[in-house]
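A.B. asks: okay, here's the prediction I keep looking at, along with the sequence it came from:
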Amino acid sequence: MHFDDLLREAEILERTAANPLVRGIAYDSRRVTPGAVFVAMHGGTTDGNRFVQSAIENGVGAVVTDSEATWQELCRRLPDFAVVRVAHGRRALAELSAAFYAHPDKKLSLTGVTGTNGKTTTTYLLESMLRTAGRSCVLAGTIEYRVAGEVRPSPHTTPESRDLFELLAEGEDAGATEAVMEVSSHALDQGRVWGLHWDTAVFTNLTQDHLDYHGDMESYFQAKARMFAGQGAAPPRVAAIHSGDEYGQRLIRLSRAAGSQILSYGLDCGEVCAKDVQLAAQGTRFRMATPAGEIDIRTRLAGPVNVLNLLAASAAAYSRGLTPEEIARGVSNIDRVPGRFETVDCGQPFTVAVDYAHTDDALRNVTRLARQLAASRGGRVITVFGCGGDRDRTKRPKMGSAAGEGSDFVVATSDNPRSEQPAAILAEILPGLRASGTRFTVEEDRASAIQLAIAEARENDVVVIAGKGHEKVQILGDRAIPFDDVEVSRQALREKFGESSQGSGKGLLCN
């Protein structure tokens, strides 16, 4: 493909005449290949225009820039080089990547899931439903990426557009027919999913999070709403929306005006809803109503929140043509989502659950589930949690309140403090925690905090370790050190009960 062919689908302001052969697309000067087009764009923390010379030295054949100064400097210094100026760097990256990878988004049926909580579980459930029905999928989300069964690490919830189009193209080449993606508010605001043709867009809920980035809830909502209005492409064919959420009601009106088919869902409202819900520690049963009839659902996932996640995934699966029976079979094939109320079972007489909850709403939901499990056995709820550094500070006292109100004992600790001092973060958590009246302690070191909570636990208690979920590192300053809440919990259990030795019948044996 020549540069001229690539540019036909991009909005450009001005260009030089050179028309080289294009051998790739890059936005990171450290990852360029000879003959690639380097897209230099302004970002939230850095400016790719600073690295144009490095990209040229590494062999790129053309530069696309959103900086007039970079454009002028390159035209003066390299008049015969291929240079293009655009108004929107990230939008141009998406347009050029779509063209270079031959629009895989138009050949796959794309489902995007957005919202504050529930995105990961909903996408996992939907991918299981589609796979059980015989469809091959690309999955992109917080925990991992999957391409027709191959599992890859996930550097971002929603990748940059260039990486996303490459992922979709690889999925298409491997025989995939569907793609299921978590779509973050950052990705929507920054244009990482610009131009994607969504078949189905799913909205789970909206509660306070990411206000360090968006500033206020209305801006946060407007970022989410872009997915339903259409961003460089037509609006979604189907909008599957949680009608029990106040922001969901706004999206229903917006989507209807945009011409999308509305498929609402909710616990006790919507076209896809749950009846006769039976909650237990071992899982959940309910009867699900759909426009195609009712079906019994049985799942090992517990709690009302997972009923909502199941309804969201089922609405999306129905929009993709699955029958209620196929949906139910897909649900039965998944028993856990990593880091989402993931139990650590070493044979101990109490429950330890690791969960990604990192907003006050999510923390309330997870402690509510823990309370239901503990109350049925006469146990207590013990919660370990912290708040991330360099993130929305206003939610810290709210998370303290949520943890205190839902627990009998709380251990406040660190959770990816990044560049902030852990003690300063904890100081902003404590007002809400104190106001709850719940017994608590503070332990900056997360491993020690987990050990303390497990040492405190007795028979029939539920210990919730919240905030990090599936994550495998703790971010301290500019370092990321290995840290896994599940493994740290196992070690604390071994220390409490003693190491198990084969055939001894003593201690614990962790699975």
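C.D. replies: Looks like it came in fine.

A.B. asks: can you show me the helices along the stretch 151-300 of the chain?
C.D. replies: With helices called from DSSP state H, counting those that start in this stretch, the stretch 151-300 of the chain shows them at 161-173, 185-190, 211-214, 217-229, 246-258.

A.B. asks: in the first one, what counts as buried?
C.D. replies: To tie it back to what came earlier, the one meant is helix 161-173. By neighbour count on 16 or more other Cβ atoms under 10 Å, the buried set for helix 161-173 is Ser161, Arg162, Asp163, Leu164, Phe165, Glu166, Leu167, Leu168, Ala169, Glu170, Gly171, Glu172. Where you see a C-beta, it was placed from the backbone N, CA and C, and this is true even at glycine.

A.B. asks: closest one to Val352 out of these, please.
C.D. replies: Top of the list for closeness to Val352, among the buried residues of helix 161-173 and by Cβ to Cβ, is Leu167 at 34.6 Å.

A.B. asks: give the contact list for that closest one.
C.D. replies: Leu167 is in contact with Val138, Ala140, Tyr145, Val147, Pro159, counting by Cβ atoms under 8 Å, 6 or more residues apart in numbering.

A.B. asks: and the last one, what's its pLDDT?
C.D. replies: If I follow you right, that is Pro159. Looking at Pro159, its pLDDT reads 89.

A.B. asks: the first one now?
C.D. replies: Model confidence at Val138, given as pLDDT, is 96.

A.B. asks: list the contacts of the nearest residue to it once chain neighbours are set aside.
C.D. replies: Take Val138 and drop its neighbours on the chain: the residue closest to it by Cβ to Cβ, 6 or more residues apart in numbering is Gly171, 3.6 Å away. Taking Cβ under 8 Å, 6+ apart, we find Gly171 in contact with Pro104, Leu108, Ser136, Cys137, Val138, Val147, Ala148, Ala179.

A.B. asks: equivalent analysis for Thr207, please.
C.D. replies: Thr207 is in contact with Thr116, Asn117, Thr359, Asp360, Asp361, Ala362, counting by Cβ under 8 Å, 6+ apart.

A.B. asks: now do 10 Å
C.D. replies: The contact partners of Thr207, by Cβ atoms under 10 Å, 6 or more residues apart in numbering, come to 115-117, 217, 220, 245, 247, 359-362, 364-365, 395, 398.

A.B. asks: just His210 next, same as before
C.D. replies: Contacts of His210 by Cβ under 10 Å, 6+ apart are Thr116, Ser184, Ser185, His186, Asp189, Ser219, Tyr220, Ala223, Thr359, Arg391, Asp392, Lys395.

A.B. asks: count the neighbours of the fourth one for me.
C.D. replies: Residues within reach of His186, counting by other Cβ atoms under 10 Å, total 16.

A.B. asks: now the second one
C.D. replies: Ser184 has 22 neighbours, counted by other Cβ under 10 Å.

A.B. asks: give me the phi and psi angles of it.
C.D. replies: Backbone torsions for Ser184, taken as degrees, to the nearest 10, come to phi -80, psi 160.

A.B. asks: that one contacts Lys119, correct?
C.D. replies: Yes: between Ser184 and Lys119 there is a contact under Cβ atoms under 10 Å: 8.0 Å.

A.B. asks: mutual contacts of the two, please.
C.D. replies: Shared contacts of Ser184 and Lys119, counting by Cβ under 10 Å, 6+ apart, come down to Gly141, Thr142, Thr157, Thr158.

A.B. asks: of those, which is the nearest to Val37?
C.D. replies: Thr158 (22.0 Å).
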